[in-house]
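Q: sequence unknown, structure follows:
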């Protein structure tokens, strides 16, 4: 059976990915002028849907774009407006952004008898409020609202307190739902998804830093630790778990549905907060995924204990993975996997929720496309990493599909069946929070990237809902109580010297050599050992270099090649087709050069010659 599945996967690669290269040779690549037109078209798409929501659905949660009506889908508190706030800011619409922030500050309340998803409420509502607060309260963003007085932060804190009862479980893994007025219902299910319990650290961690209340961050870290403690002997996690016993109720391990953003937040919690514990977990988890789930260029679902294939299935949520690989510095497999995923889009005009790799057909019961952003997200990250115009071509195709297949009178509709493109009268809030945001960033980057993310005052991490989370000193360096280089470092300890312990990662790190890729978080190799921390002397303010900053926090990256090793388990298929230890390639970084990658035989990357880079720039 395993041999036949592998053969079918190989055939699938030849048919689907081969079609990409044929199509690529015939298509005319996006020019800079066309990229500018596409950026403006995406902006029009956003306002077509946003204005449709404000006119026909606000203050209900979401828009019904066919009937031009509204519906409450999460909590009945203007969900789409909250989810759209930072996109408004990114597009530079100060008037609508200020109106929206002021309206929410005056009218939004969470003392309501509503049972809500902890996961969805955190990533959409809590994340939306925090991102907008950080933009509206900061002059450096260019979107400061003079009358703003932390109203969104107070709302975010109130909401988080109402979510806290969900974390009161023996494992620390939260219940999936909670009532905003009464807490967890006595009949609430004890089963939750891995993504639902492990994708809360960024939003709650930021709130802890902004309110100086560690409880929010602590409960979400405990949830991640609880999930990781229940991993299998080969470092895989399942899809659903009992939050009281820690027993897995669904042992299918994958990178898509019910698990996806668990992996995402392991890496991003390190990138944003410098939390090396999350880095360690990500390294082990990523190594297991690449060993047991990766059937180049696809990813399958396997039993978390035996690694036996359960589903040879591509599901649309997997499409975020190449973008995460770019952030981790593993660009080469990201390129191949993205091409495979895009081949499914090309075949149907959209990505279905499920595509069977054995039968090369849409999975029954998974034929819809609910305006998901994941393929656009990875397309943006790969263009940012490589500046290869093929990703602009992908973006153009996505825009065309949305415009001709999903555009409705008042917004954009779900596609209920990717084979006949029948439309459904519903528009998820994440269409405005993520899908159009990543498409706009893609094309704006192609014409200069003069926006808050690419040219703003901070490096930004995107939440799993696409919200902009800035790596400000207040957020990234709160434990050191200090700002950037040569700033004043504050110590809360009255002693003359306070020693802070930092675990040592026993791997060689390389200093930045000033060559390679653009500024920003990605692409970056998995970050390496932290330098010794040194607190400021005395209390009060002492001028000097704050030793708590890591190299990665100073310039956005550091380098090393982690060796992923898997424990020997006799019942596990070793998958000799994949390398026994997977290496993340070293990505070299600079602020003034486009990235160029040349892979060595040993899996590392070498910098291309200056002539090659110049030639590529001329072609673009």
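A: Here it is on my side, so go on. This one's a predicted model, so the numbers in the text were calculated from it and none came from an experiment.
Q: State whether residue 50 and residue 91 are indeed in contact, as I suppose.
A: No: taking C-beta atoms under 8 Å as the definition, residue 50 is not a contact partner of residue 91, at 9.6 Å. In this view, the C-beta of every residue, glycine as well, is placed from N, C-alpha and C.
Q: Quick check, residue 258 in contact with residue 240.
A: Yes: applying C-beta under 8 Å, one finds residue 258 in contact with residue 240, separated by 6.4 Å.
Q: between the two, what contacts are shared?
A: Counting by C-beta atoms under 8 Å, 6 or more residues apart in numbering, the contacts common to residue 258 and residue 240 are 193, 194, 250.
Q: Now neighbour count too, for those residues, in JSON lines please.
A: Formatted as JSON lines, the shared contacts of residue 258 and residue 240 follow (neighbours: other C-beta atoms under 10 Å):
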{"residue": "193", "neighbour count": "21"}
{"residue": "194", "neighbour count": "26"}
{"residue": "250", "neighbour count": "16"}
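Q: Tell me how many other residues surround residue 134.
A: Neighbourhood size, residue 134 [other C-beta atoms under 10 Å]: 25.
Q: Kindly report the same for the one 4 residues further on.
A: Here the count is done by other C-beta under 10 Å, and residue 138 has 18 residues near it.
Q: so what's it closest to, chain neighbours aside?
A: Nearest-residue entry for residue 138: residue 144, 6.2 Å, with adjacent residues in sequence omitted and distances by C-beta to C-beta, 6 or more residues apart in numbering.
Q: Would you enumerate the residues in contact with the one you found?
A: Residue 144 neighbours (C-beta under 8 Å, 6+ apart): 136, 137, 138.
Q: Let's verify residue 416: helix, strand, or coil?
A: strand (DSSP: H, G, I helix; E, B strand; the rest coil).
Q: Could you count how many residues lie near it?
A: Residue 416 has 16 nearby residues by other C-beta under 10 Å.
Q: ok, now residue 41?
A: Quick note: residue 41 (other C-beta under 10 Å) scores 17 neighbours.
Q: residues contacting it?
A: Neighbours of residue 41 in contact, by C-beta under 8 Å, 6+ apart: 399, 403.
Q: thinking again about what came up before, so which of the contacts of residue 144 sit within helices?
A: residue 136 (DSSP state H).
Q: which stretches of the stretch 301-450 of the chain form helices?
A: 321-328, 331-348, 374-386, 390-401, 430, 436-446 (DSSP state H, counting those that start in this stretch).
Q: same check, this time on the stretch 151-300 of the chain
A: Using DSSP H, counting those that start in this stretch, helices in the stretch 151-300 of the chain cover 151-163, 194-198, 201-211, 215-229, 260-273, 276-292.
Q: Indicate which one of those is closest to residue 365.
A: Residue 365 lies closest to helix 260-273 among the helices of the stretch 151-300 of the chain, at 19.2 Å (C-beta to C-beta).
Q: Could you list the low-pLDDT ranges of this structure?
A: For the chain, applying pLDDT under 70 flags the ranges 1-27, 478-620.
Q: sorry, back to before: when residue 50 and residue 91 are compared, which one has more neighbours?
A: residue 50 (25 against 21).
Q: Could you list which residues are in contact with the residue lying closest to residue 200 once chain neighbours are set aside?
A: Nearest non-adjacent residue to residue 200, counting by C-beta to C-beta, 6+ apart: residue 220, 4.3 Å away. Contact analysis of residue 220 by C-beta under 8 Å, 6+ apart lists 167, 200, 201, 204, 205.
Q: Compare these and tell me which has the most neighbours.
A: residue 200 (32 neighbours).
Q: I'd guessed residue 246 sits against residue 228; true?
A: No: taking C-beta under 8 Å as the definition, residue 246 is not a contact partner of residue 228, at 11.0 Å.
Q: So if I had to pick from those two, which one is more boxed in?
A: residue 228 (19 against 16).
Q: For residue 390, see how far away the nearest residue to the more buried one once chain neighbours are set aside is.
A: Of all residues not flanking residue 228 in the chain, residue 281 sits nearest, at 5.4 Å (C-beta to C-beta, 6+ apart). Residue 281 sits 33 Å away from residue 390, going by C-beta to C-beta, to the nearest Å.
Q: Looking only at neighbour counts, state which of these two leads.
A: Shown here are residue 281 and residue 390; by other C-beta under 10 Å, residue 281 has more neighbours (24 against 21).
Q: ok, that one - contacts?
A: By C-beta under 8 Å, 6+ apart, the neighbours of residue 281 are 224, 228, 266.
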